[in-house]
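Asker: dropping the sequence and predicted coords here.
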Amino acid sequence: MATQPPLRRTARTLPIALLRARERVMGPIREILNESGISEQKYRVIRVLDEAGPMEQTALANASCLLLPSLTRMLRAMEEEGLLTRASDPNDGRKSIVTVTDAGQQILQDHADDAAALFADLDERFGKERMEKLLDMLEDLVALDMREKGER
């Protein structure tokens, strides 16, 4: 019987470390968003649309890190709340294009000062250079195709 390689302590595994870091950063963001009663997922959708402009739903799901079925359910609610609109893609009627409304943009404006202060504090405490390096490293990690074995 072959012996199994030893497992790392969970405290030193990448998935657990990423989850802990996410929760540390998201806690104060959730507190800010709770004031307006918007979820972090809806906020992400609004941010992506505000930054990128009108988008097809599949691209929006990818850009906002949501599964397409979850996004589809959210879009119905967000449309009813007046935060966005959906229209048929003029080039492909099976697709819909999502656009943020003025009310959706207002949510971003309402939280802009708090978000800027939060991230300025984070840059100061963690270090702006370290933050930029961390973000670069995370982008590199995301770019890896984990299904293929790389050269060792």
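Answerer: Here it is on my side, so go on. It should be emphasised that the depicted structure is a prediction, and the values quoted were computed from it without experimental measurement. Residues are numbered from 1 along each chain as shown.
Asker: check what pLDDT R152 gets.
Answerer: R152 is assigned a predicted lDDT (pLDDT) of 46.
Asker: apologies, that question was intended for T13.
Answerer: Per-residue pLDDT puts T13 at 93.
Asker: the one 4 residues further on too?
Answerer: Model confidence at A17, given as pLDDT, is 94.
Asker: and M1, by the same measure?
Answerer: 62.
Asker: all strands of the protein, in order?
Answerer: Using DSSP state E, the strands of the chain run over residues 55-56, 84-89, 92-100.
Asker: what about the longest helix in the chain?
Answerer: Secondary structure of the chain per DSSP state H: the longest helix is helix 102-126.
Asker: gap between the two ends of stretch 2-21?
Answerer: Start and end residues of stretch 2-21 are separated by 35 Å (Cα to Cα, to the nearest Å).
Asker: need the strands of the chain in JSON lines (columns: mean pLDDT, distance to L71 and mean neighbour count).
Answerer: Where you see a C-beta, it was placed from the backbone N, CA and C, and this is true even at glycine. Formatted as JSON lines, the strands of the chain follow (pLDDT from 0 to 100; distance: least, Cβ to Cβ, whole Å; neighbours: other Cβ atoms under 10 Å):
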{"stretch": "strand 55-56", "mean pLDDT": "94", "distance to L71": "11", "mean neighbour count": "17"}
{"stretch": "strand 84-89", "mean pLDDT": "91", "distance to L71": "11", "mean neighbour count": "14"}
{"stretch": "strand 92-100", "mean pLDDT": "88", "distance to L71": "9", "mean neighbour count": "15"}
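Asker: just send those strands back as CSV, with distance to I46 too.
Answerer: Listed next are those as CSV, based on distance: least, Cβ to Cβ, whole Å:
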stretch, distance to I46
strand 55-56, 12
strand 84-89, 7
strand 92-100, 6
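Asker: any idea which of those gets closest to F126?
Answerer: Nearest of the strands of the chain to F126, taken as Cβ to Cβ: strand 92-100 at 30.0 Å.
Asker: list the neighbouring strands of the worst-scoring helix or strand of the chain on mean pLDDT plus their orientation.
Answerer: Between all helices and strands in the chain, the lowest mean by mean pLDDT, DSSP states H and E belongs to strand 92-100, at a mean of 88. Strand pairing for strand 92-100, determined by DSSP bridges: strand 55-56 (antiparallel), strand 84-89 (antiparallel).
Asker: quick one: contacts of that strand?
Answerer: Under the contact criterion Cβ atoms under 8 Å, 6 or more residues apart in numbering, strand 92-100 has outside partners 45-46, 49-50, 53-58, 60, 75, 83-89.
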